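In: Mind looking at a prediction? Sequence and model below.
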Amino acid sequence: MKITGETKVIGIFGYPVSHTLSPLMQNAALEALGLNYIYVPFEVRPESLEFAVNGIRALGVSGVNVTVPYKESVMKFLDEIDESAGLIGAVNTILNKNGRLKGYNTDSPGYIRSLHEDAGFDPKGKTILVVGAGGGARGIIAGLLLNGTSEIVIANRTIEKAEEIKVNYAKICRRKHIQIKTAPLSYLNDPQILSSVDLIVNTTSMGLEGGFPDVDFSLTSRNVLISDIAYKPPLTQFLKKAQGAGRKISGGLGMLVYQGAISLEIWTGRKAPVEVMKNSLKIFLNE
Ligand code: ATR
């Protein structure tokens, strides 16, 4: 990589940020496209977030990704919010257009694109069981609502959080005639629910503690797709169990890659080299 007087800067804001895989995959993509850009991590302390956002303007940084814990709090410092990011209430991508900052959410379309491209799954008209009701679930549910899903069941340990998502999306659900139901985690063994769903997605952070949602896969339809948004390890315990039961699976690496690909397309206007991005991560994760 050759840094010159014309090199443009893209980056990622987070705290901490050292765990991020985005610089690896984005720099591989920028190099493959022959673009004179560099993508760097910025560890932004909470008290410095507003200064950091102003720094994008002051330094002419082309754009940034935003990761935990700033996806919601960064929004108030931006000039414009894209419609779906507004619906979700979270921004993971900022574009600097001559000093005007616009916020986007590419996690949500990134997940939908990974369903299409990696698993050949179109959420249109489908019934989907979302396990978990945190930030990840919120983005995925918005993506499903915007892509024609007909019914969503949210199962979560804390039922109030599932209810909150349902209330947040009530308007769009009414407009699009989509039904959201909420359920406790015990429903993951309910034959009626399990046999009626086309996709089950795990959005919980249970894997970080060595656990996973206890779904009885033998009660699901043979054609169900089982997906996990976690990508470390690429084959999570949840997916391993589903695969063992003979069900189709789709891992979280795809969502990571496609959210990055859509961000790159927003910043550069070029089509992202998705395979290059995916391979850079696979090599790193030793898949
Ligand atoms: P993220 O923003 O990554 O989605 P989050 O907002 O902390 O993370 O959400 C984590 C999700 O994992 C929540 O749905 C959480 O359930 P609660 O809403 O009941 O907290 C779920 N989760 C985490 N650990 C869990 C566990 N041990 N058992 C069941 N659910 C768990």
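Out: Received it, and whenever you're ready, just let me know what you need.

In: where's Ile165 relative to the ligand, distance?
Out: 10 Å (CB to the nearest ligand atom, to the nearest Å). Yep, even glycine has a C-beta here, placed from its N, CA and C like the rest.

In: taking the mean pLDDT, what do you get for the helix or strand encompassing that residue?
Out: Assigned by DSSP states H and E, Ile165 belongs to helix 159-168. For helix 159-168, the mean per-residue pLDDT is 98.

In: distance between that helix and the chain's centre?
Out: 19 Å (CA atoms, centre = their mean, to the nearest Å).

In: And the contacts of that helix?
Out: 89, 133-134, 137-138, 141, 154-156, 173, 180, 182-184 (CB atoms under 8 Å, 6 or more residues apart in numbering).

In: which of those residues lies closest to the ligand?
Out: Using CB to the nearest ligand atom, Gly134 is the member of the contacts of helix 159-168 that sits closest to the ligand, with 2.1 Å.

In: surely that closest one meets Met206?
Out: No: with contacts counted by CB atoms under 8 Å, Gly134 stays clear of Met206, the gap being 11.0 Å.

In: Of the two, which one has the most company?
Out: Met206 (20 against 14; other CB atoms under 10 Å).

In: Helix or strand: which one has Val17?
Out: Per DSSP H and E, there is no helix or strand for Val17.

In: so who does it touch?
Out: Counted by CB under 8 Å, 6+ apart, Val17 has contacts 41-44, 67.

In: Most neighbours among those, which one is it?
Out: That'd be Val44 among these, by other CB under 10 Å, with 23 neighbours.

In: Just send the contacts of helix 159-168 back as a markdown table, with distance to the ligand, secondary structure and pLDDT too.
Out: Listed next are these as a markdown table, based on distance: CB to the nearest ligand atom, whole Å; DSSP: H, G, I helix; E, B strand; the rest coil; pLDDT from 0 to 100:
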| residue | distance to the ligand | secondary structure | pLDDT |
| --- | --- | --- | --- |
| Gly89 | 12 | coil | 95 |
| Ala133 | 5 | coil | 98 |
| Gly134 | 2 | coil | 95 |
| Ala137 | 6 | helix | 97 |
| Arg138 | 8 | helix | 96 |
| Ile141 | 11 | helix | 97 |
| Ile154 | 9 | strand | 98 |
| Ala155 | 9 | strand | 98 |
| Asn156 | 5 | coil | 98 |
| Cys173 | 20 | helix | 96 |
| Ile180 | 15 | strand | 97 |
| Thr182 | 12 | strand | 97 |
| Ala183 | 13 | strand | 96 |
| Pro184 | 10 | coil | 96 |
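
In: quick one: which of those residues is nearest Phe238?
Out: Ala155 (13.3 Å; CB to CB).

In: Looks like that closest one contacts Leu185 (just checking).
Out: Yes: judged on CB under 8 Å, Ala155 makes contact with Leu185 at a distance of 5.6 Å.

In: Leu235 reaches Ser250, doesn't it?
Out: No: Leu235 is beyond contact range of Ser250, at 11.1 Å (criterion: CB under 8 Å).

In: So which bits of stretch 88-97 are buried?
Out: Residues of stretch 88-97 classed as buried by neighbour count (16 or more other CB atoms under 10 Å): 88-96.

In: List just the nearest of these to the ligand.
Out: Ala90 (9.0 Å).

In: so what secondary structure elements neighbour the helix or strand where Leu239 lies?
Out: Here Leu239 sits within helix 237-244, counting by DSSP H and E. Packing partners of helix 237-244 (3 or more CB pairs under 8 Å, 6 or more residues apart in numbering; DSSP states H and E): strand 225-228, strand 248-250.
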